[in-house]
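> sequence and predicted structure are below.
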Number of protein chains: 2
Amino acid sequence: MKVSRDQMQANRRRILDAAGERFRERGFEAVSVSEVMKAAGLTHGGFYGHFSSKDDLIAETLSHLADQSLQRRPASLDAYVDDYLSSQHRDNLGRGCATAALASDARRQSGEGRTVMSDAVASQIARFTDALSTHDGAEDARREAIGTWSAMVGALILARSVEDEALSDEILTSTKDWIRQGRSQG
Amino acid sequence: MKVSRDQMQANRRRILDAAGERFRERGFEAVSVSEVMKAAGLTHGGFYGHFSSKDDLIAETLSHLADQSLQRRPASLDAYVDDYLSSQHRDNLGRGCATAALASDARRQSGEGRTVMSDAVASQIARFTDALSTHDGAEDARREAIGTWSAMVGALILARSVEDEALSDEILTSTKDWIRQGRSQG
DNA sequence: TGCCAAATATGACGCCCATCATGTATCCGT
DNA sequence: ACGGATACATGATGGGCGTCATATTTGGCA
């Protein structure tokens, strides 16, 4: 059963969206090709018409997620930090930051997938540096960008790995305050 | 071939050490029970004499790693941060911090494994808070402990996920400087 | 010293997964 | 309108893994 070219493009996007959500929730290995295809409303057979292998799907999915992330334009860095370190983001693994969800898994990936994640981290640092360059000197802005991004990613990962919800909330809000405190005095 | 009680205890420890190293390097799923047993100098058969399942091994390994971590007494928090954000630590995944290496994987673990990691994060925050309480008030110390630990874990994960070694080094040193800068002004 | 229990080795089983082979229906250029 | 290329479905295959069954060797107690 062949479908139209538009339908095929839509299917491909549905596969990438389904994979992006499931990979972020449970990692690459725990999600099977069949499960992704089923979630996209297809069967496993057509998979290799779209991707050459599961590793290829992983790389393409990471690239897809990076594109989506770059298209989002946060109102301000402060607002971005607030959203990032919110309990909603913590509890919405499947639709949240791909770096916090998949950096450890992407490191273990050989080849393309790892490179895509690596580039995503570099561009995120560059974006933060730009946003901070209006207030600070170039060198200070870059250091602050790296420190802030590290703290955000680390706090989100720690908040997600803690079972006690009160402590998890505290990790988010304390890190938020701690980042701001450092900045106001910088 | 039965072995002595001492030998059996030594075998158990070798299994846990081998598992700890390999899990930190490649995650839980990519490491098979057989591989761990072989690395410990045994065959896969004796595994279920020591552990009731692979999930049990994961939980026991995380507990074993947490014990080792608690036994290490760093000279000072400054020295600890320096070691933690060093290129040696970054490049020594198998012997490094279990939280940075396995927090994302432990979150996906059901039951015991997840709880062990959760408790490890809580105790690490408590230790940092103690170390900082000599200089700051209780509330400030705890906020700084959480912020510092988040930044350390995040920076190590990001440094490891980046392929460009210069950028990776920069993430480590910039985060180190950024943490210190915030503290000196606190 | 000899026997029994226990620790590990060898081997097997069933499941799930990635991948591929083939069938089938339908879009699209002519 | 029609025929061939194509997108997907169905089904098969081979390998790896967790787990269990059984055999074997040996430590430790009587």
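The structure has been received and is ready for your questions.
> the spatially most central residue of chain A and A:H64, how far apart?
Chain A has A:A98 as the residue nearest its centroid, 1.4 Å off, counting by Cα atoms, centre = their mean. Going from A:A98 to A:H64 by Cβ to Cβ, to the nearest Å gives 9 Å. Using the backbone N, CA and C atoms, a C-beta is placed for each residue, glycine as well.
> what do the two both touch?
Taking Cβ atoms under 8 Å, 6 or more residues apart in numbering or on different chains as the criterion, A:A98 and A:H64 both touch A:G20.
> so which helix or strand takes in A:A126?
Using DSSP states H and E, A:A126 maps to helix A:112-132.
> tell me which element A:E163 is part of?
Under DSSP H and E, no helix or strand contains A:E163.
> mind listing what it touches?
For A:E163, the contact set (Cβ under 8 Å, 6+ apart) comprises B:114-115, B:118.
> just after the helix ranked longest in chain A, pick out the following helix or strand.
The longest helix of chain A (DSSP state H) is helix A:138-161. Per DSSP H and E, the first helix or strand lying C-terminal to helix A:138-161 is helix A:165-185.
> now, which of the contacts of A:E163 lie close to chain A?
B:114-115, B:118 (Cβ under 8 Å from any Cβ of the partner chain).
> can you tell me which of these lies closest to A:G94?
Nearest to A:G94 among the ones next to chain A among the contacts of A:E163: B:R114, at 18.1 Å, using Cβ to Cβ.
> spatially nearest residue to that closest one (excluding sequence neighbours)?
B:A106 (5.6 Å; Cβ to Cβ, 6 or more residues apart in numbering or on different chains).
> the one you found: neighbour count?
24 (other Cβ atoms under 10 Å in any protein chain shown).
> thought it was touching B:L65?
No: with contacts counted by Cβ atoms under 8 Å, B:A106 stays clear of B:L65, the gap being 10.5 Å.
> now the worst-scoring helix or strand of chain A on mean pLDDT: buried residues?
Within chain A, no helix or strand scores below helix A:165-185, which has a mean of 91 by mean pLDDT, DSSP states H and E. For helix A:165-185, the neighbour count (16 or more other Cβ atoms under 10 Å in any protein chain shown) marks A:167-168, A:170-176, A:178-179, A:181-183 as buried.
> looking at these, which one is closest to A:G45?
A:S168 (41.7 Å).
> who are the neighbours in contact with that closest one?
Counting by Cβ under 8 Å, 6+ apart, A:S168 touches A:87, A:90, A:159-160, A:162.
> quick one: the least confident helix or strand of chain A to helix A:138-161, angle?
170 degrees (axes from the mean of the first three to the mean of the last three Cα atoms, to 10 degrees).
> so how far is helix A:165-185 off the chain centroid?
Its chain's C-alpha centre and that of helix A:165-185 lie 21 Å apart, by Cα atoms, centre = their mean, to the nearest Å.
> kindly report the same for stretch A:153-173.
The chain centre lies 17 Å from the centre of stretch A:153-173; the measure is Cα atoms, centre = their mean.
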